[in-house]
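# Need a 3D model of the following:
(one chain, ligands or ions: 1)
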Amino acid sequence: MSALSLSLPGGTWALGDMTVTRFGYGAMQLAGPGVMGPPADRDGALAVLREAVDLGITHIDTSDAYGPRITNQLIREALHPYPETLRIVTKVGARRDEQGGWPPARRPDQLRRQVEENLESLGLETLDLVNLRLGDAAGPQAGSIAEAFETLAGLQRQGVIRHLGVSNATAEQIAEARSIAPIVCVQNMYNLAHRHDDELIDRLAAEGIAYVPFFPLGGFSPLQSSTLSAVAARLEATPMSVALAWLLHRSPNILLIPGTSSVAHLRENVAGARLSLSDEDLAELDGIGRG
Ligand SMILES: NC(=O)c1ccc[n+]([C@@H]2O[C@H](COP(=O)([O-])OP(=O)(O)OC[C@H]3O[C@@H](n4cnc5c(N)ncnc54)[C@H](OP(=O)(O)O)[C@@H]3O)[C@@H](O)[C@H]2O)c1
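Got it, this is the predicted structure:
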């Protein structure tokens, strides 16, 4: 762990036997519009990835479905051979169709193929952490995940995958996954305004399992709240900074993977997440999700 990473806001967290900075980076926004095709500014995308590592970030979230393949190829081009401390977290369970949709691809043969494709596009022999992506664009959907998760657990036993997680999952699916193999993280949608997983986060924290919110800044529709803007104005900070700092305050098992295609925004987000929030600020911000 470099001295730099120790100075990132939030400190570190143990994903199983892997230590990562709680401030990570989500690479989805590096692909082209609609997460399809190459970025308009390829050099800019490579620069963002290199800056993330230079800032001390040791957790990058990706998927071969981004582009598809584009984001993983950019990560490889920018960062391979990877620093020893860097953990690249990927996900399987969906493919892309010609319209840019994300149909599920969770049959055992599809999952094995996606794992192979991730290994190839990232230039790795072992994947540090693979999340099984569930549900659909509307959110988690109930149903057994046993066959799919057993497939990934088999690949873990073969040494192809180091750790497992689930994404876009219900509490029942998380329990089912854990009855098959240990998980080190859950990656679901959560932010200041979308707090369906509040109880789940607390339960996972008590069990030492990370919760990695996707869309921490609202994703494709940036967080908008007059309360958030008022707190940000009072603190002379941006709403994005407040939203990230709030997540770090919310629970020690929350890991941040905000996405950006801009070096300036990446720096701004790292600096902004350091913001210290008073009890009064936290109480006001807590009201947003309840309102
Ligand atoms: N498991 C899943 O199903 C799933 C689903 C979605 C996402 N994810 C993961 O979660 C990560 C985070 O989600 P996300 O990137 O979609 O959403 P996000 O982090 O909530 O928001 C990213 C958006 O915020 C903008 N942004 C970031 N910093 C900013 C700043 N300082 N000022 C102004 N705008 C700023 C970005 O635009 P700029 O590029 O202009 O900065 C981008 O449009 C993804 O990268 C992906 O790895 C997982």
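# For the closest residue to the ligand within the chain, give me its contacts.
When scored by C-beta to the nearest ligand atom, the chain has residue 259 as its residue closest to the ligand, at 2.0 Å. All C-beta atoms are positioned from the backbone trio N, CA, C, and that covers glycine. Going by C-beta atoms under 8 Å, 6 or more residues apart in numbering, residue 259 touches 25-29, 217, 219.
# Could you report the distance from it to residue 217?
With the distance defined as C-beta to C-beta, to the nearest Å, residue 259 ends up 8 Å from residue 217.
# do the same with residue 205
According to C-beta to C-beta, residue 205 and residue 217 sit 22 Å apart.
# who's more crowded, these two?
More neighbours surround residue 217 than the other of residue 205 and residue 217, with 22 against 16 (other C-beta atoms under 10 Å).
# So residue 166: helix, strand or coil?
State at residue 166, reduced to three classes by DSSP: H, G, I helix; E, B strand; the rest coil: strand.
# How about the contacts made by it?
Contact partners of residue 166, counting by C-beta under 8 Å, 6+ apart, are 131-132, 134, 145, 149, 173-174, 177, 183, 186-187.
# try it again with 7 Å
Neighbouring residues of residue 166 by C-beta atoms under 7 Å, 6 or more residues apart in numbering: 131-132, 134, 173-174, 177, 183, 186.
# Excluding covalently adjacent residues, which one is nearest to residue 10?
The shortest distance from residue 10 to any non-neighbouring residue, by C-beta to C-beta, 6 or more residues apart in numbering, is to residue 22 (3.3 Å).
# number of nearby residues for that neighbour?
23.
# For it, give me its contacts.
When contacts are counted by C-beta under 7 Å, 6+ apart, residue 22 touches 10-13, 248, 255-256.
# cool, residue 103 as well?
94-95, 97.
# got it, and residue 243?
Here residue 243 is in contact with 191-192, 216-217, 223, 228 (C-beta under 7 Å, 6+ apart).
# what about 6 Å?
Residue 243 sits next to 192, 217, 223 when contact means C-beta atoms under 6 Å, 6 or more residues apart in numbering.
# What segments of the protein are helices?
In the chain, helices defined by DSSP state H lie at 3-6, 42-54, 70-79, 108-122, 146-157, 171-180, 198-206, 226-234, 239-250, 263-272, 279-290, listed in chain order.
# so can I have TSV of those showing distance to the ligand and mean pLDDT?
TSV is the format used below for these (distance: least, C-beta to the nearest ligand atom, whole Å; pLDDT from 0 to 100):
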stretch	distance to the ligand	mean pLDDT
helix 3-6	19	48
helix 42-54	8	98
helix 70-79	8	98
helix 108-122	14	98
helix 146-157	15	98
helix 171-180	13	98
helix 198-206	15	98
helix 226-234	12	97
helix 239-250	5	97
helix 263-272	4	97
helix 279-290	15	93
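# can you put those helices in a markdown table and add distance to residue 34?
Conversion of the helices of the chain to a markdown table gives the following (distance: least, C-beta to C-beta, whole Å):
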| stretch | distance to residue 34 |
| --- | --- |
| helix 3-6 | 33 |
| helix 42-54 | 16 |
| helix 70-79 | 12 |
| helix 108-122 | 19 |
| helix 146-157 | 26 |
| helix 171-180 | 27 |
| helix 198-206 | 29 |
| helix 226-234 | 27 |
| helix 239-250 | 22 |
| helix 263-272 | 20 |
| helix 279-290 | 28 |
